[in-house]
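> here are the coordinates; sequence isn't available:
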């Protein structure tokens, strides 16, 4: 793994400005993404905060759980709803290492999350503005504030590393089958 | 309730043409919607079929479960994934009494459902073409075949009945509080 795991020694009192908050929680979201990577899943991680407290964490487990609902954001939203005892996550911020897909962007809007902080862009299915804009679409009842590109290089490099390793493994596996 | 509950006496062998299949399964989806209504929830119901068999049912339980994931479609997809042991629901058809929201339309595309049969249109959040087109969008990897307006009048009337009753109850409640 090319990145050192972020040390969560900085406590919430140290995290004052919006920018330092964003970096802090995106580092924690990256730690979640590494848990997905350890399972052989596409490394995507997520953190949800409310009033400066973490109320939901999640990482991609789609293949492990055989469930389309095991995307990082969905797991984190499920936990946050359970924590607050409500399907409304008003006044919450969600930190995601990769721009959300249609389903996750829809779940973020449906759960009325205020702010969405995104690491890397998703050119194939990003619905925070790249392919479609679901997060801050004027047509819907709820619109999120969106910040793109927080720790973009780290988030994107982790994904690239995963796919490089995957291609290498697939190539080795093919070679061993043909021998 | 203004509609008689559909009698499921017609078995799958009777259901031959696409049109009669659509009517049959939409009647069953309406029965699911009535379960939501009995709980005081917005009456939306859903059925998922694969190779002529029902593999998932669901009805709206969002307030009852305090969960944004308790929309009818999400519950039915969860059950269908469990049944097939896969997050891919290829060769499946989903029948929904109301055009899906952003999240549910996204979940349908993510789970690669082939065909979507819709009852009533949703002018506020319909993502089968009314507000946004997520279901058959050329930009995404997967595109669904969509049929709109199946038993539209029945699906729409059930929703209207629910909201009429809700307004009446709210009015009575306000009147009793002011006395």
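Structure received. If you're wondering where the values come from, they're calculated on a predicted model, not measured in any experiment.

> Look up how far residue A:66 lies from the most centrally placed residue in chain A.
The centre of chain A sits closest to residue A:96, judged by CA atoms, centre = their mean, with a distance of 2.7 Å. Applying CB to CB, to the nearest Å, the value for residue A:96 to residue A:66 is 22 Å. The way it works is simple: take the backbone N, C-alpha and C, and place the C-beta from them, glycine included.

> Equivalent analysis for residue A:121, please.
Applying CB to CB, the value for residue A:121 to residue A:66 is 28 Å.

> ok, now residue A:91?
Residue A:91 sits 34 Å away from residue A:66, taking CB to CB as the criterion.

> give me every residue that touches residue A:48.
Contacts here follow CB atoms under 8 Å, 6 or more residues apart in numbering or on different chains; on that basis residue A:48 touches A:54-57, A:76-77, A:79-80, A:89, A:92-95, A:113.

> Give the helix, strand or coil label for residue A:24.
Of the three states, residue A:24 takes helix according to DSSP: H, G, I helix; E, B strand; the rest coil.

> That one: neighbouring residues, count only.
20 (other CB atoms under 10 Å in any protein chain shown).

> Next: the one 3 residues further on.
Using other CB under 10 Å, residue A:27 has 20 other residues around it.

> which SSE is it in?
helix A:18-38 (DSSP states H and E).

> And chain B, is that helix touching that?
No - using CB under 8 Å from any CB of the partner chain, helix A:18-38 stays clear of chain B, with a minimum separation of 14.6 Å.

> which helices and strands sit right next to that helix?
On a contact count with 3 or more CB pairs under 8 Å, 6 or more residues apart in numbering or on different chains; DSSP states H and E, helix A:18-38 meets strand A:45-50, strand A:53-59, helix A:72-84, strand A:92-98, strand A:115-120, helix A:152-178.

> Can I get the ones you listed in a markdown table including distance to residue A:32 and mean pLDDT?
Shown next, in a markdown table, are the helices and strands packed on helix A:18-38 (distance: least, CB to CB, whole Å; pLDDT from 0 to 100):
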| stretch | distance to residue A:32 | mean pLDDT |
| --- | --- | --- |
| strand A:45-50 | 3 | 98 |
| strand A:53-59 | 4 | 98 |
| helix A:72-84 | 7 | 96 |
| strand A:92-98 | 8 | 98 |
| strand A:115-120 | 11 | 98 |
| helix A:152-178 | 11 | 92 |
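
> Among these, show me which one is buried the most.
For these, the largest average neighbour count (mean count of other CB atoms under 10 Å in any protein chain shown) is found in strand A:92-98, namely a mean of 28.

> returning to that earlier point: the residue nearest to the centre of chain A contacts residue A:43, correct?
No - assessed by CB atoms under 8 Å, residue A:96 is found out of contact with residue A:43, at 12.0 Å.

> Over to the residue nearest to residue A:127 when sequence neighbours are not counted. Which of the three states is it?
Distances taken as CB to CB, 6 or more residues apart in numbering or on different chains put residue A:105 closest to residue A:127, at 3.7 Å, once the chain neighbours are dropped. Secondary structure state of residue A:105, per three-state DSSP, is helix.

> Residue A:105: how many residues sit nearby?
32.

> And the pLDDT at it?
On pLDDT, residue A:105 comes in at 98.

> ditto for the one 3 residues further on
Turning to residue A:108, the model gives it a pLDDT of 98.

> was I right about it contacting residue A:80?
No - counting by CB under 8 Å, residue A:108 stays clear of residue A:80, with 11.0 Å between them.

> gap between residue A:32 and residue A:74?
For residue A:32 relative to residue A:74 (CB to CB), the value is 13 Å.

> can you list residues touching both of those two?
Both residue A:32 and residue A:74 are contacted by residue A:58, under the criterion CB under 8 Å, 6+ apart.

> Spit out the contact partners of residue A:117.
A:22, A:25, A:26, A:93, A:94, A:95, A:96, A:147, A:150.

> Kindly recompute the last result at 10 Å.
Applying CB atoms under 10 Å, 6 or more residues apart in numbering or on different chains to residue A:117 gives the contacts A:18, A:21-23, A:25-26, A:29, A:47, A:49, A:93-96, A:145-151.
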